[in-house]
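Just need the structure, nothing else, for what follows:
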Amino acid sequence: MQWEIVIGLETHAQLSTLSKIFSGAAIAYGAAPNSQACAVDLALPGVLPVFNRAAAEKAVKFGLAIGAKINRKSIFARKNYFYPDLPKGYQISQYELPIVAGGSLTIQVGEREKTVRITRAHLEEDAGKSLHEDFHGMTGIDLNRAGTPLLEIVTEPDLRSSAEAVAYAKALHSLVRWIGICDGNMQEGSFRCDANVSVRPMGTEKLGTRCEIKNLNSFKFMEKAIEYEVRRQIEIIEDGGSILQETRLYDTDRDETRSMRSKEEANDYRYFPDPDLLPLVLDEAFLEQARATLSELPQAMRERFMRDHGLPAYDAGTLTSSRELAAYFEEAVSALGGEAKMAANWIMGDLSAQLNKDGLDIAASPISAAQLAGLLKRIQDGTISGKIAKEVFVAMWAGEGDADAIIEAKGLKQVSDSGAIEKIVDDIIAANPAQVAEYRSGKEKVFGFFVGQAMKASKGKANPAQLNEILKKKLG
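Alright, predicted model coming up:
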């Protein structure tokens, strides 16, 4: 039987406010346990929550960025459940009336585009953290995260593979960082995803029983967890079993998902409007203020790169994966005076490879956009070849100076003197009569031998185009 995979993602993006969503306590990462938990976060008797306006501003920016409906009136609700790191015994969230409804996000999956529908995005507070590893036979509770503002972003079940799920998660990660509402730090828990995974026979409409994989905080683990879960579900069904609706955890050491608990339904949480919080009401001036802070969005910039620079969809998508990378590319193209494809190739190739190798972000690149453009200009004007440019790039990365200084210091200027190249070619032809005879008898592959010998003789400095032209002329 052919199976169709159905995936929906729920993503918790920590909003980059200075304080918590219902209290004035700080949310700085790495503070000593329980040092950033005030009376409101601890749910001491008599305290009341006060809503943080900045959380609404960031939620509205996200809604505008995905073309969603912004509900002028939204309601905070109590989501009731007991867990040791939830001091109140309930979480303040939004249920029936979220701040953001609908919208969509376009993703790039290989060479094709896909639009993923967003169901809703709602504001809520985070819980604390249980520390199981630090205490022998006991669990410690750190309430620093309790009350941290989150925007939970829920998709429709539109994703059909682990690759699509990862592409969506990366696009969403890029967007929330781009518009400045979340720092996206997955290691610190600022951006984490839950994947609802099910399978159904190909061609059927009814959804299969889903399992939710909780707290996926890396794109690699998301892909591996979904692929394992899909295999697990298919094997169970094909063996005559049935899938239990449950919450599962991905074990990175064993590369498998494990059962945590049965999956709750909405009525299990006994949602009801929070009596301590008035409805959140937004006026047109508030929306306009948020709209005014939005710069060009990734999708619009991607389309502009394709239209104005003639870049393929893949290149445009890669270069707009972060705001900093897009700015670097535009600065390089401007300094280069055009040749966008050349700049794109070097940024996505040598530069990205070196950044990944050294674990650096584009903002920390030792080679600035203007310096990279300076190197590319020397390829354009024939001062150096593309091969020599890679050597210069390495020296620039090591801090030896800009392209011109390195080329001069190392004597790397390309030999473009036709007379000098002709002499090299004449010497090689004279020294290799057997290979000349082979080439002239029709064995054109021997041509590469002459190119290699000439480049070796010129220490890689011969102008490749001139060399090829002279060789062809001399060999006849």
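
so how far is stretch 240-254 off the chain centroid?
How far stretch 240-254 lies from its chain's middle: 26 Å, per Cα atoms, centre = their mean, to the nearest Å.

quick one: average pLDDT of that stretch?
Here stretch 240-254 scores 94 as its mean pLDDT.

So for it, what gets flagged as buried?
Ile243, Glu246, Thr247, Arg248, Leu249, Tyr250 (16 or more other Cβ atoms under 10 Å). Just so you know, the C-beta spots here come from the backbone N, C-alpha and C atoms, and that holds for glycine as well.

State whether the fifth one is indeed within a strand.
Yes: Leu249: assigned to a strand according to DSSP: H, G, I helix; E, B strand; the rest coil.

measure it to Tyr269 for me?
Going from Leu249 to Tyr269 by Cβ to Cβ, to the nearest Å gives 20 Å.

Repeat that for the third one.
Per Cβ to Cβ, Thr247 is found 13 Å from Tyr269.

and Ile99, what is it in contact with?
By Cβ atoms under 8 Å, 6 or more residues apart in numbering, the contact list for Ile99 reads Ala56, Ala59, Val60, Gly63, Ile70, Asn71, Ser74, Ala121, His122, Leu123, Leu280, Leu282.

Skip the chain neighbours and tell me the closest residue to it.
Closest residue to Ile99 apart from its sequence neighbours, by Cβ to Cβ, 6 or more residues apart in numbering: Ser74 at 4.4 Å.

so that neighbour makes contact with Leu97?
Yes: at 4.8 Å, Ser74 and Leu97 qualify as touching, with contact defined as Cβ atoms under 8 Å.

who's Thr257 bridged to?
Beta bridges link Thr257 to Tyr250 when assigned by DSSP bridges.

That one: what's it in contact with?
Thr257 neighbours (Cβ under 8 Å, 6+ apart): Cys211, Ile213, Ala225, Tyr228, Glu229, Arg232, Arg248, Leu249, Tyr250, Asp251.

swap the cut-off to 6 Å and go again
By Cβ atoms under 6 Å, 6 or more residues apart in numbering, the contact list for Thr257 reads Ile213, Ala225, Tyr228, Glu229, Arg248, Tyr250.

One more: Ile27?
Counting by Cβ under 6 Å, 6+ apart, Ile27 has contacts Lys20, Thr148.

distance of it from Ile21?
Relative to Ile21, and taking Cβ to Cβ, Ile27 is found at 9 Å.

any idea which helix or strand carries Gly419?
helix 418-431 (DSSP states H and E).

And the next helix or strand past that helix?
Assigned by DSSP H and E, the successor of helix 418-431 is helix 433-440.

Contacts made by that next one with the rest, please.
Ile429, Val446, Phe449, Leu475.

Next, the buried residues of the helix holding Gly419.
Neighbour counts over helix 418-431 (16+ other Cβ under 10 Å) mark Ile421, Glu422, Ile424, Val425, Ile428, Ile429 as buried.

I figured the first one hits Asn468, correct?
Same thing as Ile421. No: between Ile421 and Asn468 there is no contact under Cβ atoms under 6 Å: 10.2 Å.

Now do the helices in the stretch 251-400 of the chain.
284-292, 298-309, 313-319, 323-336, 340-346, 352-358, 369-380, 386-397 (DSSP state H, counting those that start in this stretch).

okay, and the helix or strand of the chain with the least pLDDT?
Within the chain, no helix or strand scores below helix 464-475, which has a mean of 78 by mean pLDDT, DSSP states H and E.

Only C-alpha atoms, please: export that helix in CSV.
What follows is helix 464-475, C-alpha atoms only, in CSV (Å, rounded to 0.1, in the frame of the first residue of the first chain):
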residue,chain,number,x,y,z
PRO,A,464,43.0,30.4,-19.2
ALA,A,465,41.0,31.9,-22.1
GLN,A,466,44.1,33.1,-23.9
LEU,A,467,45.9,29.9,-23.2
ASN,A,468,43.2,27.8,-24.7
GLU,A,469,43.0,30.0,-27.8
ILE,A,470,46.8,29.9,-28.4
LEU,A,471,47.0,26.1,-27.8
LYS,A,472,44.2,25.4,-30.3
LYS,A,473,45.9,27.7,-32.9
LYS,A,474,49.3,26.1,-32.4
LEU,A,475,48.2,22.5,-32.3
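
Serialize the contacts of helix 433-440 to CSV and add fields for distance to Lys114.
Shown next, in CSV, are the contacts of helix 433-440 (distance: Cβ to Cβ, whole Å):
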residue, distance to Lys114
Ile429, 57
Val446, 49
Phe449, 48
Leu475, 52
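
Buried among the residues you listed? Need that as a selection in ChimeraX.
If you want just the buried ones from the contacts of helix 433-440 in ChimeraX, going by 16+ other Cβ under 10 Å, the selection is:
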select :429,446,475
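
Closest to Cys38 out of the contacts of helix 433-440?
Closest approach to Cys38 among the contacts of helix 433-440 (Cβ to Cβ): Phe449, at 76.8 Å.

So that closest one: helix, strand or coil?
With three-state DSSP as the basis, the three-state label of Phe449 is helix.

Please shift the residue numbers so they start at 29 in all later answers.
Happy to do that; since the first residue is 29 now, the last one works out to Phe477.

Now do it against Asp454, distance only.
Phe477 sits 16 Å away from Asp454, going by Cβ to Cβ.
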